[in-house]
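Chemist: Below are the sequence and a predicted model; questions follow.
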Amino acid sequence: MNIEGKKVLIVGTGKSGIAAAALLSQVGAVPVLFDENESTDKREVEKKLPEGVRAEVITGKLPDQAADEAQLLVLSPGVPVDTPFVEKFRDKGVRVWGEVELGYAFSKGKVIAITGTNGKTTTTALTGKIMSDYYSSVFVVGNIGTPYTLEALHTREDSVTVAEISSFQLETTENFHPAVTAILNITPDHLNRHHTMENYVAVKESITKNQTGEDTCVLNYEDPYTRDFGERCPASVVWFSSARKLEEGYYLDGEDICRSVGGAEERLMNIHDMQLLGIHNVENVMAAIAMSSSYGVPMEHILNTVKHFKAVEHRIEYVATKKGVAYYNDSKGTNPDAAIQGIRAMNRPTILIGGGYDKQSEYDEWIEAFDGKVRLLVLIGQTKEKIAECARKHGFNNIVFADTFEECMDICVKNAVSGDAVLLSPACASWGMFPNYEVRGDMFKEYVNQLKE
C-alpha cells in the first residue's frame, strides 16, 4: 500500500498509537492521532512523540473534515472493531488496520508469531531469546510490550521478528503472513469483546490465514480447539503434548521432553534442567523448541538457551521469602485458566489473591483447582462478590474481602505462617484498580520487598 502523503487516522494515543504515528511520519504519511476522551491533554500526547515526529492530535469529537480526509484507519488494540465509529469508515471503503498490520507492511525479513489464551508472553520471550542467541538481527514485538511499529523500520532482509499477537491485534490483520506460528491453547477469555466463543476461536485461528503448506503452525494436541483446527490448518502442523506420546511431534514422557520423527523417539532434556515452574511452562517450552527447530535453529543451541532461561516478570515470578513465607507474583494471570496454572505451580499451602476487572469470565474451574492447596482467598476489585459466590457454591468459604491492595497485602501477611506461599494470581484483568497488570505486579513486589526478614 502506497501511503506517502496520505492522511492516516490513528485511534488511541497510548504506546501503540504513538509508535504508529512515528512510523507513519517516517515513511512520509500524515498521521493524525485521535482520542475520543475530551480530558486527554493534547500537549501531553505531543510530548510522547519522538523528536522530529509531528502528528496532529484531536480529542473529543472527531470533526467531519478529519473523518472525510482519512485514507487509512489504524486502531490501537483496545479499540473494538465492531463499533459504529469504525463501521462508518469501513462503509466508506477505508481500510482498517491495527498496529501489527501496519508494522508488518513496513518490515523486512521473516516473522514468527505466537498466540493463545495463556502462555504467549513466556513462549514469545523464550523463542525470542533462542533466536537472538543464534541470529544477529532479532526483534521481539507485539503484545509482549514493544509495538511492532517501533521496530519495523530497523528490520533487515535477514531479520527474525518474534511477535506475541493477541486476539485484539488479530482482528485487524490483513496481509500479516508469519513463516512460523503457534496457537498454544484456547480457553474462554475476552468474551465481553468477542461476544461468543466461536468468534474468539475464529480470531485466534486467523493467525494462519495467509500461511501455506510451506509455512509451519505449532499446535497443542491436548487442547480440543487446536486439535480440531489441525485438520483445517493451511500450514504444515507440528504438534506438542504434555499428556501423551506422539508419533510425530514433541511430548512429555515422565520428566523428559521428547521429539518423535517418523515414530523414532529422541529424548531432548529433563524438565528439572529448566528454570521454569509448572506443566504449563513445559508446554510453553515445547512450543518454543518446535518453532525454533522448524525455523532452522540447531537443537543443541535451542536446549542451551532453554536451560538458562528464567521466568518472565509477572508470570509465577518468585519475589522473596520473608519469615518462611514464599511470595509469588503472577499478576499476568488475568483469566481463570492462566490463574489455574499459577495454583498448580505452588507446592505448599497457599494464600491466594484474586479479583479485579470483570471480563465476563466464569470461575468454577479455577475454584475447583484449589484442590485443598489454597487455604485462604483474599478478594479485591469489581469481581470479588461474583468470585466469592462461586467459591461458596463449590464449598470454599475461607474468604476475606479487601477494599484496597494495601489492605489485601496486610491481610495476607497477617495470616501467612512459615511454610506458606502468598500468590498474586487474580484470574481477572487489572483495570479499574490499576492501569495494567504490570503496575499491579510491581506494587505486589514493592510491598513484599519492604517486609522485614
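Modeler: Yes, it's here. Numbering: from 1, shown residues only.
Chemist: hang on, Gly249 packs against Gly230?
Modeler: No: using CB atoms under 8 Å, Gly249 and Gly230 do not qualify as a contacting pair, with a distance of 10.4 Å. All C-beta atoms are positioned from the backbone trio N, CA, C, and that covers glycine.
Chemist: Now do the domain split for the chain, please.
Modeler: When the chain is parsed with automatic domain parsing, its domains come out as 7-98, 107-308, 317-449.
Chemist: In CSV: those domains, plus distance to Met1, mean pLDDT and mean neighbour count.
Modeler: Shown next, in CSV, are these (distance: least, CB to CB, whole Å; pLDDT from 0 to 100; neighbours: other CB atoms under 10 Å):
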stretch, distance to Met1, mean pLDDT, mean neighbour count
domain 7-98, 8, 91, 17
domain 107-308, 9, 93, 20
domain 317-449, 31, 94, 19
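Chemist: In contact with Ala338, which residues?
Modeler: Neighbouring residues of Ala338 by CB atoms under 8 Å, 6 or more residues apart in numbering: 117-118, 330, 332, 425, 427.
Chemist: for Lys452, same thing?
Modeler: Per CB under 8 Å, 6+ apart, neighbours of Lys452: 322-323.
Chemist: same deal with Gln341?
Modeler: Gln341 makes contact with 118, 278-280, 316, 333, according to CB under 8 Å, 6+ apart.
Chemist: just to revisit the earlier point, can you list residues touching both of Gly249 and Gly230?
Modeler: 221, 239.
Chemist: about what we covered before: for the contacts of Gln341, work out which two are farthest apart.
Modeler: Greatest spatial distance in these: Ile279 and Gly333, 14.9 Å, computed using CB to CB.
Chemist: returning to that earlier point: next step: the contacts of Gln341 restricted to helices.
Modeler: Within the contacts of Gln341, residues falling in helices by DSSP state H are 279-280.
Chemist: Dump the contacts of Gln341 to CSV, plus distance to Val400.
Modeler: Output for these, formatted as CSV (distance: CB to CB, whole Å):
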residue, distance to Val400
Asn118, 27
Gly278, 26
Ile279, 29
His280, 27
Ile316, 23
Gly333, 19
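Chemist: isn't there a helix covering Lys245?
Modeler: No: if the criterion is DSSP: H, G, I helix; E, B strand; the rest coil, then Lys245 is coil and not within a helix.
Chemist: Need the nearest residue in space to it, chain neighbours excluded.
Modeler: Tyr251 (5.4 Å; CB to CB, 6 or more residues apart in numbering).
Chemist: Equivalent analysis for Arg156, please.
Modeler: Ser137 (5.2 Å).
Chemist: Return the residues in contact with the one you found.
Modeler: 109, 155-156, 158-160.
Chemist: biggest separation within the residues you listed, which pair?
Modeler: Among those, Arg156 and Val160 lie farthest apart (CB to CB), at 10.0 Å.
Chemist: Need the overlap of contacts for those two.
Modeler: 109, 137.
Chemist: In which helix or strand does the residue of the chain positioned farthest from its centre reside?
Modeler: Distance from the C-alpha centroid of the chain peaks at Gln65, with 36.7 Å (CA atoms, centre = their mean). Here Gln65, judged by DSSP states H and E, is contained in helix 64-69.
Chemist: same check, this time on Glu407
Modeler: helix 405-415.
Chemist: Could you point out the helix or strand that follows that helix?
Modeler: Downstream of helix 405-415 (by DSSP H and E), the next one is strand 421-424.
Chemist: Give me the sheet partners of that next one and which way each runs.
Modeler: strand 325-329 (parallel), strand 350-354 (parallel) (DSSP bridges).
Chemist: Same list, those strands, but as CSV with distance to Ser39 please.
Modeler: Listed next are the strands paired with strand 421-424 as CSV, based on distance: least, CB to CB, whole Å:
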stretch, distance to Ser39
strand 325-329, 32
strand 350-354, 31
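Chemist: out of those, which comes closest to Gly432?
Modeler: The closest of the strands paired with strand 421-424 to Gly432 is strand 350-354. By CB to CB, the value is 14.1 Å.
Chemist: angle of the closest one against helix 405-415?
Modeler: 170 degrees (axes from the mean of the first three to the mean of the last three CA atoms, to 10 degrees).
Chemist: Contacts made by strand 350-354 with the rest, please.
Modeler: By CB under 8 Å, 6+ apart, strand 350-354 touches 339, 343, 366, 370, 373-380, 383-384, 387, 408, 412, 415-416, 420-428, 444.
Chemist: what sits against Glu51?
Modeler: Contacts of Glu51 (CB under 8 Å, 6+ apart): none.
Chemist: and it, backbone torsions?
Modeler: phi -60, psi 130 (degrees, to the nearest 10).
Chemist: how close does it get to Cys233?
Modeler: 44 Å (CB to CB, to the nearest Å).
Chemist: cool, and Val203?
Modeler: From Val203 over to Cys233 the distance is 15 Å, taken as CB to CB.
Chemist: Gly28 now?
Modeler: Distance from Gly28 to Cys233, by CB to CB: 38 Å.
Chemist: same thing with Met286?
Modeler: Remark: distance between Met286 and Cys233 (CB to CB) = 18 Å.
Chemist: circling back: which one among the contacts of Gln341 gets closest to Glu4?
Modeler: Asn118 (40.7 Å).
Chemist: correct me, but the closest one touches Asn335?
Modeler: Yes: the criterion here is CB under 8 Å, and Asn118 meets it with Asn335 at 7.2 Å.
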